[in-house]
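S.K.: give me a model of this one.
(one chain, ligands or ions: 1)
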Amino acid sequence: MLIPLWGALGVTLAAVLNPLADRLPKHASLSLQSVCPYCGSSPAGGQPLATVALLVGRLRCRTCGSRLPARRWLFELCLGLLFALLAWRYGWSIQLVVASLHAAALALIAVTDLEERIVPDAVLLPAVLFSILTTLALSPSQLPNRLLAGAVGFGIFLALRVLKMGWGDVKLACYVGLIAGYPRVFACLTITALAGGLAAAALLLTRRAHRRSYIPYAPYLVLGALLAVLVRI
Ligand SMILES: [Zn+2]
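M.R.: So this is what the prediction gives:
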């Protein structure tokens with residue numbers, strides 16, 4: 001019973017985070033109210049959940065009739081699936097709550113980086129602090145290990161800045177290390193490099209990108225971190 005319930009919680013949380021994903025990169029005043037990106041009326045589509053709007057075929061704004069972005073329901077479904085997987089992995093426990101909050105922060109960062117090429121500090125810095133505080137509270141003996149892994153992630157990506165890696169990615173790599181711990185941070189960063197490299201090669205081969213194109217790296221870091229969270233927090 002926990003798995004579907006927790007999955008539904010993931011969908012609902014994503015519906016709350018969707019407006020933040022719209023506003024954070026634009027530094028707009030933060031609000032949890034879902035508005036239509038075309039006419040600004042709210043609630044967009046007349047449905048609080050984009051997944052429900054999709055199911056009943058009302059994925060259009062009630063005021064202006066524009067089709068609402070697919071990201072809204074995609075994000076809800078992905079976070080719901082992720083929460084269900086975490087509930088299956090951890091069962092009802094404090095680790096489930098911690099892992100789910102990390103997953104939500106990571107998913108939000110992946111969306112803003114894919115759409116606007118921004119890793120928002122307003123999400124990342126509280127998440128880093130949350131990671132340190134929960135390690136301190138739940139397994140204080142692990143803290144030096146996690147801090148070392150955070151430093152490793154930060155250091156490796158700082159060195160990669162010569163490859164035009166952004167500061168957002170450097171800070172995100174630190175967060176990934178804090179979640180993964182040492183030495184698993186290396187496995188996470190290897191997954192990141194492989195996934196990012198494959199995607200970049202595919203884009204170059206299909207000529208959808210050229211060598212100087214910016215390729216968002218954060219989603220691959222998020223992928224590595226989510227695997228770490230799913231295997232063990
Ligand atoms: Zn509208």
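S.K.: when you work out contacts or count neighbours from here on, use the C-alpha atoms and nothing else.
M.R.: Will do.
S.K.: tell me the pLDDT of the spatially most central residue of the chain.
M.R.: Taking Cα atoms, centre = their mean, the centroid of the chain lies closest to A107, which sits 1.8 Å from it. A107 is assigned 95 on the pLDDT scale.
S.K.: now I233
M.R.: I233 carries a pLDDT value of 46.
S.K.: same question, R211
M.R.: For R211, pLDDT reads 62.
S.K.: ok, now the one 5 residues further on?
M.R.: The predicted local confidence for P216 comes out at a pLDDT of 74.
S.K.: pretty sure the residue nearest to the centre of the chain contacts V222?
M.R.: Yes. If you go by Cα atoms under 8 Å, A107 and V222 touch, sitting 7.3 Å apart.
S.K.: get me the contact residues on the protein for the ion.
M.R.: Contact residues (Cα under 5 Å from the ion) of the chain with the ion: 36, 39, 61, 64.
S.K.: PyMOL command to pick out the buried ones of these?
M.R.: To isolate the buried members of the residues of the chain next to the ion in PyMOL, using 16 or more other Cα atoms under 10 Å:
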select buried, resi 36+61
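S.K.: about what we covered before: now do the contacts for the residue nearest to the centre of the chain.
M.R.: 79, 222 (Cα atoms under 8 Å, 6 or more residues apart in numbering).
S.K.: buried ones in stretch 55-65?
M.R.: Neighbour-count burial for stretch 55-65 [16+ other Cα under 10 Å]: 58-63.
S.K.: so for that stretch, mean pLDDT?
M.R.: Stretch 55-65 comes out at a mean pLDDT of 81.
S.K.: just checking, what packs against the helix or strand of the chain with the lowest mean pLDDT?
M.R.: Lowest by mean pLDDT, DSSP states H and E among the helices and strands of the chain is helix 50-55, with a mean of 80. On a contact count with 3 or more Cα pairs under 8 Å, 6 or more residues apart in numbering; DSSP states H and E, helix 50-55 meets helix 71-90.
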